[in-house]
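In: following is a predicted model, sequence given first.
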Amino acid sequence: MSPKRRLLVVDDEQDVREMLALVLGRRGYGVQTAADGMEALVLAQSAPPDLILLDVMMRDMDGWEVLKLLQLEERTRRVPVVILSARAEPRDKIRGLQEGAVDYLTKPFAIDEVVARLESILGETGGGAP
């Protein structure tokens with residue numbers, strides 16, 4: 001069985017990063033984490049992941065800025081980005097999708113929903129391919 005895809009989890013909350021890395025890692029994903037936007041950009045440029053889970057509200061550089069910078073770079077512009085944010089207003093969700101995110105999930109989130117959305121975006125199924 002081949003390993004699942006590589007993910008980059010970007011969130012300034014350590015507990016959120018650790019929980020997602022643990023759960024997604026147990027499901028076979030290779031997971032890197034970043035605590036801020038600059039670290040995320042460096043990691044994404046050095047080895048573009050298959051998908052990025054990106055928080056919006058972070059210190060120094062927010063997720064909107066990170067999303068814009070990812071889209072400006074040839075190596076990262078095609079990497080799907082899923083916004084994972086406590087901002088649940090419809091206008092925030094619309095902004096995320098208009099600015100290039102492929103999905104927008106709100107915190108608190110159900111991990112099964114996160115996994116289902118990731119698998120849908122990445123074209124994977126829960127059953128595992130032979």
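Out: Great, that's in hand.

In: CA only for contacts and neighbour counts going forward, please
Out: OK.

In: which residues touch stretch 100-109?
Out: Stretch 100-109 has contacts (Cα atoms under 8 Å, 6 or more residues apart in numbering) with 67, 71, 80-88, 93, 96-97, 114.

In: one more time with 10 Å, if that's ok
Out: Here stretch 100-109 makes contact (Cα atoms under 10 Å, 6 or more residues apart in numbering) with 16, 51-55, 64, 67-68, 70-71, 77-89, 92-97, 113-114, 117-118, 121.

In: among those residues, which lie within helices?
Out: Among these, the members falling in helices (DSSP state H) are 16, 64, 67-68, 70-71, 92-97, 113-114, 117-118, 121.

In: pLDDT weak spots in this protein?
Out: 1-3, 125-130 (pLDDT under 70).

In: where along it do the strands fall?
Out: Per DSSP state E, the chain has strands spanning 6-10, 30-34, 51-54, 81-85, 103-106. These are given in chain order.

In: list the helices and strands the third one packs on?
Out: If contacts are counted by 3 or more Cα pairs under 10 Å, 6 or more residues apart in numbering; DSSP states H and E, strand 51-54 sits against strand 6-10, strand 30-34, helix 37-46, helix 63-72, strand 81-85, strand 103-106, helix 111-122.

In: turn those into JSON lines, columns for distance to Leu20.
Out: JSON lines is the format used below for those (distance: least, Cα to Cα, whole Å):
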{"stretch": "strand 6-10", "distance to Leu20": "7"}
{"stretch": "strand 30-34", "distance to Leu20": "8"}
{"stretch": "helix 37-46", "distance to Leu20": "15"}
{"stretch": "helix 63-72", "distance to Leu20": "17"}
{"stretch": "strand 81-85", "distance to Leu20": "11"}
{"stretch": "strand 103-106", "distance to Leu20": "14"}
{"stretch": "helix 111-122", "distance to Leu20": "8"}
